[in-house]
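Engineer: I would like the atomic coordinates for the input below:
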Amino acid sequence: MSDINIAYSCDDHYVEQTGISIISLLENNREVDSICIYLISKNISNTNIQTLSDLISVYNRTLVVVNFDDICYDLDISSIGRHIETIYSKVFFSRIKDLEKILYIDSDTIVARNLDSLWNIDLEDVYMGVVETTSTQFKKQLGMPDNALFFNDGLALINVDYCRRNDLINKIKQVIKEYDGNPPLLSEGALNKVCVGKVKYISLRYNLMSGILYGCLHDLDYMSACLHYTKEDLIDSCKNPVVIHYLSAYYNRPWCKGCTHPLKDYYIKYKHLSPWKDTPLVHKPLSFKLRLFNYCIRIMGYRFFHKIRSCGNLIIRK
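Structural biologist: Numbering: from 1, shown residues only. Next comes the predicted model:
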C-alpha cells in the first residue's frame, strides 16, 4: 500500500481536536506502509508538540513540524473573524521541499475508515480533489460562473507538484489583494475562485460535512437537487463516511455539551483513546442564529426554509 502524506494545521487552541483526529487516522490506517504527518504549527507550545509527537510515535509513524511563518511568510490578510490564519496554510504547501502530493485534513474531523481509496485518486492536471458543498451566494460574490461547482476546503487531496508548476500561491495572493485581505469565505472562497475547472470532485464520503448530513437526513431529494451527487451516493456517504467533518451547522461540535450530531460517538470513541480523555466537554451553546434556524426548519420544513433563506440572501445583496 502507498505511503501517505497527511497535513494538519493549527495553533495551541486546537491541539486537542487535532490530536484526536490524528488518533482516528492512525487507528484506521494501521496497514498503510508509511504515514508522514506534517503539522503546520502556528506557535504551538513545545509541550503540545511533544504530546503529539509521543502519540504518533506509538503507531511508529513520522511527524514533521513545519512553522507556519516559514511557508506563509507573505500571507497578507486583514480579517480572519472566528478563524485563525492557519486555514490558509494549504495554499502554501508547494514551499515544502520535495513534497508532491498531500492530503490536507481540518482538525475538526474524525477519520472513520481507511484512506487508501482516497489517496490513490488520480489528480493529473488538477490542483486538488475536493468535495462539493452548497454556497450559491458566495459564488456570486466571488464572480464565479453560474454553472461552477463550489467545494469545501476542509479536506483536500492536493497535487502539490501541479500547484507549484501553476503558481497557485501568487494566484491566491492576488485574490486576497483583490478583496483587501478579506475574500468571501477566506481560503475556501479564494481557492474556489482560482481553481474553477481545475479540481476533481470526489465522493461526499471523504468529507461528510454536518450541514449536508443534516440536509440529507431531512430532505434527501432536495439535497440531491442542490448538489451533483446522486441520491445513492448521498445515502452511502451518510452511512459509511470515511472522514466526518464536524462543522457546527445545526448540531454543534462533539467536544461541546449538548451536541446532537448523530455521529458524535465517533469523536467520543477516539477522545477516550487520547491524552485528552479526561478533559471535560466545553459549555458552548449553538449561536442564537443557528438555534433560530433549527426552530424555523421544524416549523417550515427544510426545503421551504432554505428557499426563503436564499431569497433573503438575494434581497440583501441587491
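
Engineer: any regions of the stretch 51-200 of the chain where pLDDT drops low?
Structural biologist: For the stretch 51-200 of the chain, the stretches flagged by pLDDT under 70 are 81-83, 136.

Engineer: and the longest strand anywhere in the chain, how far from the chain's centre?
Structural biologist: Across the chain, the strand with the greatest residue count (assigned by DSSP state E) is strand 151-159. Strand 151-159 has its average C-alpha position 7 Å from the chain's average C-alpha position, going by Cα atoms, centre = their mean, to the nearest Å.

Engineer: what strands line up against it, and which way round?
Structural biologist: Looking at strand 151-159 with DSSP bridges, its partner strands are strand 101-105 (antiparallel), strand 128-132 (antiparallel).

Engineer: which of those strands sits closest to residue 264?
Structural biologist: Distances from residue 264 to each of the strands paired with strand 151-159 were compared using Cβ to Cβ; the minimum, 18.2 Å, belongs to strand 101-105. (Each C-beta comes from the backbone N, C-alpha and C, glycine too.)

Engineer: OK, contacts around residue 251?
Structural biologist: Taking Cβ atoms under 8 Å, 6 or more residues apart in numbering as the contact definition, residue 251 lies against 210, 214, 259, 260, 261, 262, 264.

Engineer: cool, and residue 80?
Structural biologist: Contacts were defined as Cβ under 8 Å, 6+ apart; by that measure residue 80 touches 87, 186.

Engineer: with pLDDT, neighbour count and secondary structure added, can I get the contacts of residue 251 in a markdown table?
Structural biologist: Formatted as a markdown table, those follow (pLDDT from 0 to 100; neighbours: other Cβ atoms under 10 Å; DSSP: H, G, I helix; E, B strand; the rest coil):
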| residue | pLDDT | neighbour count | secondary structure |
| --- | --- | --- | --- |
| 210 | 95 | 22 | helix |
| 214 | 94 | 21 | helix |
| 259 | 94 | 18 | coil |
| 260 | 93 | 12 | coil |
| 261 | 96 | 22 | coil |
| 262 | 96 | 11 | coil |
| 264 | 97 | 19 | helix |
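
Engineer: pick the one among those closest to residue 94.
Structural biologist: Taking Cβ to Cβ as the measure, residue 94 lies nearest residue 210 of the contacts of residue 251, at 30.3 Å.

Engineer: now name the helix or strand holding residue 147.
Structural biologist: Element membership for residue 147, per DSSP states H and E: none, as it lies in no helix or strand.

Engineer: could you find the closest non-adjacent residue to the residue most central in space within the chain?
Structural biologist: The geometric centre of the chain, computed from its C-alpha atoms, lies nearest to residue 154 (Cα atoms, centre = their mean), at 1.4 Å. If the residues on either side of it in the chain are set aside, residue 154 comes closest to residue 106, at 3.9 Å by Cβ to Cβ, 6 or more residues apart in numbering.

Engineer: next SSE downstream of the host helix or strand of residue 215?
Structural biologist: Using DSSP H and E, residue 215 sits in helix 210-218. Moving toward the C-terminus from helix 210-218, the next helix or strand (DSSP H and E) is helix 220-226.

Engineer: what mean pLDDT does that next one have?
Structural biologist: Here the mean pLDDT over helix 220-226 is 93, rounded to a whole number.

Engineer: next helix or strand past that helix?
Structural biologist: Moving toward the C-terminus from helix 220-226, the first helix or strand encountered (DSSP H and E) is helix 231-239.

Engineer: quick check: mean pLDDT of that following helix?
Structural biologist: Averaging pLDDT along helix 231-239 yields 97.

Engineer: what's the angle between that helix and strand 128-132?
Structural biologist: Going by axes from the mean of the first three to the mean of the last three Cα atoms, to 10 degrees, helix 231-239 is angled at 100 degrees with respect to strand 128-132.

Engineer: show me what helix 231-239 is packed against.
Structural biologist: Under the contact criterion of 3 or more Cβ pairs under 8 Å, 6 or more residues apart in numbering; DSSP states H and E, helix 231-239 touches helix 210-218, helix 220-226.

Engineer: buried residues in it?
Structural biologist: Residues of helix 231-239 classed as buried: 234, 237, 238 (neighbour count, 16 or more other Cβ atoms under 10 Å).

Engineer: no further questions, thank you.
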